[in-house]
Structure formats: C-alpha cells, structure tokens
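Visitor: Give the three-dimensional model of this entry:
(one chain, ligands or ions: 1)
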Amino acid sequence: MKVLMIDLQNIKHKILDIDNFQIPKGYTCIIGENGSGKSTLLNLLSGMDLSEKGSVYVNRRRIRDINVGYVPECPERQIIFELVFDEIISPLRFSFVISDEASEKTMAISKLLGITHLLDKKTFALSGGEKAFVSLAVAIVSSPELLILDEPDSHLDFDTAGKLMSVLKKSGTDYVIHCTQNMEIAKTADFLIYMEKGRIKFSGHPETVFKNLKNTNFFPVMWRLEEIVG
Ligand SMILES: Nc1ncnc2c1ncn2[C@@H]1O[C@H](COP(=O)(O)OP(=O)(O)OP(=O)(O)O)[C@@H](O)[C@H]1O
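Guide: Model (predicted):
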C-alpha cells in the first residue's frame, strides 16, 4: 500500500530540533510565535534549504525529487512579467510545455482561482489580494505535489483568505503546508502544527491542538466568543 505522508527524520537544522514526525496528506497549517522556526521548517520542505542533519521524504521519495510550489509572504515581489497571462503561464513555458497545453492549463487554473478576468491585465496594476492569487496560480500551474505557503494571507481580508484556502482544497494538490497567523483559517485545516522554540509542541486535528492553547492568544477568537456566550 502506498504510504502518503511527509516524513521528517531526525532534523537538527538551525533552530529546528525534530526527531521523527509525519505530516499526513491534505491541508496542514503551521502556527507558532515569532521566531519559533516556522519559516525555517518551510524552507526545508520547499528545498530552498538543505538540512544540516536529518532527512525529509515525501511519499518515501527524497524532497529534492518532488515538484514543489512556493508562495512567499510578499508574493508581489516575485512577479516578473508585464501581463498576468504571461506571468501565470511562465513556469510551463520555462519547462517547454507545448503552447496549446500550457494555455489550456493556464485557463483552467485561472478558472479554479476565479481570476480569468485578470488575465489580460498588467501585473503592476493589480491589488495586493489579486497579486496573491496570481502568485498562487503561478505556484500551482505546474501541478506541484507539495505546495508551501509562507503567510501569503497576511495581507488578505478574512473572506479572501478563506476563499484561497477552499480553492486550494479543491486544487488536487496532495500536500498544502500553510504557515499562517490567521487562527480562523488554522482551525479549518485538516492537520495543525504548533511550533515553539524550534520544536513541534502540539500537532493533530485543530480542535485537539487548540485545546492545549486555550489560555493563549492563539485560541481562535470566534471559539472564545462562543464559549463566553455559551
Ligand atoms: N543558523 C541559525 N542557527 C540557529 N538559529 C537561527 C539560525 N538562523 C536563524 N536562526 C533563528 O531561528 C529563529 C527562527 O526563525 P524563523 O524565521 O524560522 O521563525 P518564524 O517562526 O518563521 O518567525 P516569524 O513568525 O517571525 O516569521 C529566529 O530567531 C532566527 O534568528
């Protein structure tokens, strides 16, 4: 039987100290205080950084053999083309995908994200939220198995951030790893990781993880209100 998971083995890297840890297939959110090691972990998972000690496997394959998509905190800084269509199609052109196939894929992803109306617009004229969606389209157009999101929702309003998450859940990407400060988003993940001082302190279903965080500012505001109202 095929084992679907990300397997972190004996990671000692910068601030990170993670013995053995498995992330299941699906939508995972990572939360934790500033400096707890979230971005350091995402850099290892995206292949931008190689672990000083330990290994990362995805479905028993080495991380470097996996097609990974990445959206940073300020995605607009990565935009390079003048037209949105050219920006979204660029990863396919860079990998020599034939023209018709690349255009069809670009249209399909734009439909999925609800941004077909932006395709012939100039990238510099987009709003911050629109730029975030275009960067997301660039990241998923080449069908990554693993998609890393390093707080791209920090500049999005709540409804837009929620839309981004629900679209990604439908995108067919096996693993989405989303670092976020938005606890209303984190509580709807399939799997939640709470980091502290380079270690994974709590993990599991969001309800289970948040039970351990009731007396902290991480506990979702809506749940706190529900508790007060009864
Ligand atoms: N080579 C290193 N060895 C040990 N610690 C390091 C090294 N390089 C950076 N750090 C520290 O690791 C910590 C974790 O940084 P990281 O950016 O991963 O945190 P984060 O949880 O993403 O924080 P934020 O929420 O503020 O973005 C920082 O305090 C940083 O100074």
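Visitor: Pick out the residue nearest the middle of this structure.
Guide: L149 (2.6 Å; CA atoms, centre = their mean).
Visitor: Give me the contacts around the strand or helix carrying F210.
Guide: Taking DSSP states H and E as the criterion, F210 maps to helix 206-211. The contact list for helix 206-211, computed with CB atoms under 8 Å, 6 or more residues apart in numbering, reads 29, 183, 186-189, 192-194, 202-203, 218-220, 223. In short, each C-beta sits where N, CA and C put it, glycine included.
Visitor: Give me the nearest residue to K169, chain neighbours excluded.
Guide: Leaving out its chain neighbours, the residue that sits closest to K169 by CB to CB, 6 or more residues apart in numbering is Y27, at 5.7 Å.
Visitor: would you say the one you found is within a helix?
Guide: No. Counting by DSSP: H, G, I helix; E, B strand; the rest coil, Y27 is not found in a helix; it is strand.
Visitor: Now do the residue nearest to the centre of the chain against V71, distance only.
Guide: 5 Å (CB to CB, to the nearest Å).
Visitor: that older thread, the residue nearest to the centre of the chain is in contact with I177, isn't it?
Guide: Yes. With contact defined as CB atoms under 8 Å, L149 reaches I177; the gap is 7.0 Å.
Visitor: for the helix or strand bottoming out on mean pLDDT in the chain, which positions count as buried?
Guide: Counting by mean pLDDT, DSSP states H and E, the chain has its least confident helix or strand at helix 221-229, which shows a mean of 78. For helix 221-229, the neighbour count (16 or more other CB atoms under 10 Å) marks W223 as buried.
Visitor: What helices and strands are in contact with that helix?
Guide: Judged by 3 or more CB pairs under 8 Å, 6 or more residues apart in numbering; DSSP states H and E, helix 221-229 is in contact with helix 183-186.
Visitor: Work out the gap between the helix it packs on and the centre of the chain.
Guide: Centroid displacement of helix 183-186 relative to its chain, using CA atoms, centre = their mean, to the nearest Å, is 13 Å.
Visitor: Now it: average pLDDT?
Guide: For helix 183-186, mean pLDDT rounds to 92.
Visitor: Tell me the strands beside the following helix or strand past it, with direction?
Guide: Next in sequence after helix 183-186, counting helices and strands by DSSP H and E, comes strand 191-196. Partners of strand 191-196 in the sheet, by DSSP bridges, are strand 26-32 (parallel), strand 199-204 (antiparallel).
Visitor: what's the distance between A108 and the ligand?
Guide: 33 Å (CB to the nearest ligand atom, to the nearest Å).
Visitor: Just the buried positions in stretch 86-101, please.
Guide: Taking 16+ other CB under 10 Å as the criterion, stretch 86-101 shows 87-92, 97 as buried.
Visitor: want to try TSV for these, with pLDDT, secondary structure and distance to the ligand as columns?
Guide: Shown next, in TSV, are these (pLDDT from 0 to 100; DSSP: H, G, I helix; E, B strand; the rest coil; distance: CB to the nearest ligand atom, whole Å):
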residue	pLDDT	secondary structure	distance to the ligand
E87	97	helix	26
I88	97	helix	27
I89	97	helix	31
S90	96	helix	27
P91	94	helix	25
L92	95	helix	31
V97	89	coil	33
